[in-house]
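Colleague: Just a sequence and a predicted model for now, questions to come.
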Amino acid sequence: MAKIILLNGSPHQNGCTATALDEMVRTFESEGVETELIQVGNKAIRGCIGCGTCVKRGKCVFDDLVNEVAPKFEAADGLVVGSPVYYGSPNGTILSFMDRLFYSTSFSKHMKVGAAVVSCRRGGNSASFDVLNKYFTISGMPVASSTYWNQVHGFAAEDVKKDLEGLQTMRNLAKNMAFMAKAFAKAKEEGGYPEMETGAFTSFPDGK
């Protein structure tokens, strides 16, 4: 059975972002996909300090929720990251979490399905959506799409429940992710994933 991890980057466990993710969870379950919703936004997550300890130890030097989620992410077929919009960007806590989760884990994320979900009262969703998707595209993770940008609008959870198009977008997103995860798993069994090149690393150390 395919499994999708969902991260709630909001400090509000039952707020707008959670309402969008809950809609996805119900759809995943109807599609026969196992889910785990992990609350991130109300945790004390510090940012990456670029110390490189994770290369030697195989995990982040700061032993917190990042290291707890890492093996779950490795075993999962996909990852949904949800965040509210703060000043036109995702919540700083979820950004620190994602920086460290992706930087400190050496396992392949190739062909795990990724999706970003964002929530705001009015503006800033598309900019935040763009920021979160870049974690996936730099890691060989196919990005799932829907019938609109993956966003909901509202100042409170009750407002989001009235955003019928936004909730429809969440359901269609979950259906697409479920399909992709199942299809990729079948393709891996039948012929394997595309082989990726990893040798080139251009840093222009000669200054030219």
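Modeller: Looks like it arrived, so ask away.

Colleague: top helix in this structure by residue count?
Modeller: helix 164-190 (DSSP state H).

Colleague: quick one: least confident helix or strand in the protein?
Modeller: In the chain, no helix or strand scores lower on mean pLDDT, DSSP states H and E than helix 53-57, which sits at a mean of 94.

Colleague: Now the element after it, going C-ward?
Modeller: Counting by DSSP states H and E, the next helix or strand C-terminal to helix 53-57 is helix 65-75.

Colleague: which other helices and strands contact that following helix?
Modeller: strand 3-8, strand 34-39, helix 92-104 (3 or more CB pairs under 8 Å, 6 or more residues apart in numbering; DSSP states H and E). (Glycine included, C-beta is placed from N, CA and C.)

Colleague: mind listing what's buried in the longest helix of the chain?
Modeller: For helix 164-190, burial by neighbour count (16 or more other CB atoms under 10 Å) applies to 166-167, 169-178, 180-182, 184.

Colleague: Relative to residue 23, which of these is nearest.
Modeller: Using CB to CB, residue 170 comes nearest to residue 23 of the buried residues of helix 164-190, at 4.1 Å.

Colleague: Show me the shaky parts of this structure.
Modeller: 207-208 (pLDDT under 70).

Colleague: ok, now how distant is the residue nearest the centre of it from residue 70?
Modeller: The centre of the chain sits closest to residue 81, judged by CA atoms, centre = their mean, with a distance of 3.1 Å. Counting by CB to CB, to the nearest Å, the separation of residue 81 from residue 70 is 14 Å.

Colleague: likewise residue 206?
Modeller: For residue 206 relative to residue 70 (CB to CB), the value is 36 Å.

Colleague: ok, these two, which is more surrounded?
Modeller: In terms of neighbours (other CB atoms under 10 Å), residue 70 is the more surrounded of residue 206 and residue 70; the figures are 21 against 5.

Colleague: now the least confident helix or strand of the chain, how far from the centre of its chain.
Modeller: 23 Å (CA atoms, centre = their mean, to the nearest Å).

Colleague: other SSEs contacting that helix?
Modeller: Using 3+ CB pairs under 8 Å, 6+ apart as the test, helix 53-57 ends up in contact with no other helix or strand.
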